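1. test case, fold it:
(4 chains)
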2 protein chains.
Amino acid sequence: MPPNPTLEKIRKSQILDAALRTMAARGANGVTMEDVATASGLSKGGLVHYFPSKAELFKETFREFFNRIFLRGQETMNQCADPLDKLLSFTWILERDDPDIKVGYPLLFDGMSLATHDPEYGSIFRDWFNNWVVMLKLALNEGNESGRFAVADPDGTARAISAIYQGIATRWFLDPETHSTAWAKGFVRLSVTRLVGLEPDE
Amino acid sequence: MPPNPTLEKIRKSQILDAALRTMAARGANGVTMEDVATASGLSKGGLVHYFPSKAELFKETFREFFNRIFLRGQETMNQCADPLDKLLSFTWILERDDPDIKVGYPLLFDGMSLATHDPEYGSIFRDWFNNWVVMLKLALNEGNESGRFAVADPDGTARAISAIYQGIATRWFLDPETHSTAWAKGFVRLSVTRLVGLEPDE
DNA sequence: TCTCCACCCGACCGGTCGGTTTGTAAACCG
DNA sequence: CGGTTTACAAACCGACCGGTCGGGTGGAGA
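-> Residues are numbered from 1 along each chain as shown, chains lettered A, B, ... in the order given. The predicted structure follows:
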């Protein structure tokens, strides 16, 4: 029986998906190889056949998921024409019912915690942050060129916008009782709009 | 040998301090009772004598540390008279050499990660967030009353300011190469100032 | 048909860790 | 001064976990 690349792809995506679900549900450091194995419908031996190392499996899971999230953001942003709309197009990260979102924040927090102590996770997240910054900077430059914005420091502003999204989303996720979705969306809009020198509702 | 309350206080604070250091250095979930024991100059048995449960020791460490940080923030803020200065008085959380700061972010990220899956950690952090919000709201109301601000929603704005601080500080800590302290302080100032309806440098 | 190998299973091993138990020295009390 | 309790230390136990290993199965090739 020669190696079957199709099957391998299927299995690996099965496994990564199962790892994602279990890690989001119980926290990355509470997840066992056995957990992932059963969640992906394999035995421990079967899992190890595809991912010999737990550390690699987990890192791959992070990379895969955050890449997906970024692509989704890129897609959403590019559906907007106005540069301010582009900057404000990421409110889908504030939808409590979205499956990506439900899974995303636990993973994000686990990842940042890991990034503090493990340089490999550090670079995963730095790269990820940087992708967002590059994308936001495009919209900022676009707005500057069209005369709509007057942003002196597009790079710094892009980083600030990205950070503000994350800061507000963090509170919104960790304390939903006192941080409603309306609050989160409203203050993202207000902060970002004012940061590029405009007023909301205009 | 009768119980010695003085010694118990000394030992407990030794232990909590050691736990803090090791947790910040290696990440909360990579720390062993034995690690904390040796770091506090005790044996495992000695440690367990004072903290019979690892979970309780760790939670107590979180509570103790974040309470200290909050008190420090309160103290710093109250040294400012102007309400805008008060809102901007937390830049000490952006000092890379400060020992509290070096230890604080690893603990914060670990804590948020734990809060996602453990309701007890959840309430620790919700309470903590809320303390900051209450404090910021005082400064906002003060500014509103003196006519310096015109903030329509002090509660929401306080939450947003707190979130913005955290968002910017997170990037500043996790990716110092591309997020300088000047960037962080500058954009905190700009975002917060504009949020309360003012312009910086005035 | 026989062989071989990819695929997968599950028992097992070595090590780690939280917590318990046992031991002991010292401080206090009657 | 004997008995008791505290404050540790150190050996130990049992559970768990990551990774290994031997084996079994079934399809592809000789």
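2. for the lowest-mean-pLDDT helix or strand in chain A, buried residues please.
-> For chain A, using mean pLDDT, DSSP states H and E, the weakest element among its helices and strands is helix A:5-26, scoring a mean of 93. The neighbour-count check on helix A:5-26 (16 or more other C-beta atoms under 10 Å in any protein chain shown) flags A:11, A:12, A:14, A:15, A:16, A:18, A:19, A:20, A:21, A:22, A:23, A:24 as buried. To be clear about C-beta, it is placed using only N, CA and C from the backbone, and glycine gets the same treatment.
3. could you do stretch A:153-165 as well?
-> Residues of stretch A:153-165 classed as buried under the neighbour-count rule (16+ other C-beta under 10 Å) are A:154, A:155, A:156, A:157, A:158, A:159, A:160, A:161, A:162, A:163, A:164, A:165.
4. mind putting these into a markdown table with pLDDT and distance to DNA strand D?
-> Below are these laid out as a markdown table (pLDDT from 0 to 100; distance: C-beta to the nearest atom of the strand, whole Å):
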| residue | pLDDT | distance to DNA strand D |
| --- | --- | --- |
| A:154 | 98 | 43 |
| A:155 | 98 | 40 |
| A:156 | 98 | 41 |
| A:157 | 98 | 42 |
| A:158 | 98 | 38 |
| A:159 | 98 | 35 |
| A:160 | 98 | 38 |
| A:161 | 98 | 38 |
| A:162 | 98 | 33 |
| A:163 | 98 | 33 |
| A:164 | 98 | 36 |
| A:165 | 98 | 33 |
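5. can you report how many residues lie near residue A:138?
-> Using other C-beta atoms under 10 Å in any protein chain shown, residue A:138 has 16 neighbouring residues.
6. helix, strand or coil: sort out the nearest residue to residue A:29 once chain neighbours are set aside for me.
-> Spatial nearest neighbour of residue A:29, excluding adjacent residues (C-beta to C-beta, 6 or more residues apart in numbering or on different chains): residue B:29 at 4.3 Å. When classified by DSSP: H, G, I helix; E, B strand; the rest coil, residue B:29 comes out as helix.
7. host element of residue A:80?
-> Assignment of secondary structure by DSSP states H and E places residue A:80 within no helix or strand.
8. what's the neighbour count on it?
-> Using other C-beta under 10 Å, residue A:80 has 14 other residues around it.
9. who's in contact with whichever residue of chain A sits closest to chain B?
-> In chain A, the residue that lies nearest chain B is residue A:167 (2.2 Å; C-beta to the nearest C-beta). Listed by C-beta atoms under 8 Å, 6 or more residues apart in numbering or on different chains, the contact partners of residue A:167 are B:163, B:164, B:165, B:166, B:167, B:168, B:170.
10. quick one, longest helix in chain A?
-> Longest helix in chain A, counting residues (DSSP state H): helix A:119-145.
11. tell me if that one is near chain B.
-> Yes: Helix A:119-145 is in contact with chain B by C-beta under 8 Å from any C-beta of the partner chain, via A:122, A:125, A:126, A:129, A:130.
12. which residues are in contact with the fourth one?
-> Contacts of residue A:129 were listed using C-beta under 8 Å, 6+ apart, and they are A:162, B:171, B:174, B:175.
13. and the furthest pair within those residues?
-> A:162 and B:174 (12.0 Å; C-beta to C-beta).
14. now do the helices in chain A.
-> So, for chain A - with DSSP H - the helices run A:5-26, A:33-39, A:44-50, A:54-77, A:83-87, A:99-117, A:119-145, A:154-174, A:181-195.
15. ranking those helices by burial, who's on top?
-> Mean neighbour count, computed with mean count of other C-beta atoms under 10 Å in any protein chain shown, is highest for helix A:154-174 among these, reaching a mean of 24.
16. hmm, back to that, which elements pack onto the least confident helix or strand of chain A?
-> The contact analysis (3 or more C-beta pairs under 8 Å, 6 or more residues apart in numbering or on different chains; DSSP states H and E) places helix A:5-26 against helix A:33-39, helix A:44-50, helix A:54-77, helix A:99-117.
17. mind running it again at 10 Å?
-> When contacts are defined as 3 or more C-beta pairs under 10 Å, 6 or more residues apart in numbering or on different chains; DSSP states H and E, helix A:5-26 sits against helix A:33-39, helix A:44-50, helix A:54-77, helix A:99-117, helix B:99-117.
18. just send those helices back as a markdown table, with mean pLDDT and distance to residue B:48 too.
-> Formatted as a markdown table, these follow (pLDDT from 0 to 100; distance: least, C-beta to C-beta, whole Å):
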| stretch | mean pLDDT | distance to residue B:48 |
| --- | --- | --- |
| helix A:33-39 | 97 | 29 |
| helix A:44-50 | 95 | 33 |
| helix A:54-77 | 98 | 29 |
| helix A:99-117 | 98 | 26 |
| helix B:99-117 | 98 | 22 |
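19. turn those into JSON lines, columns for distance to residue A:91.
-> JSON lines is the format used below for the helices and strands packed on helix A:5-26 (distance: least, C-beta to C-beta, whole Å):
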{"stretch": "helix A:33-39", "distance to residue A:91": "31"}
{"stretch": "helix A:44-50", "distance to residue A:91": "37"}
{"stretch": "helix A:54-77", "distance to residue A:91": "9"}
{"stretch": "helix A:99-117", "distance to residue A:91": "11"}
{"stretch": "helix B:99-117", "distance to residue A:91": "21"}
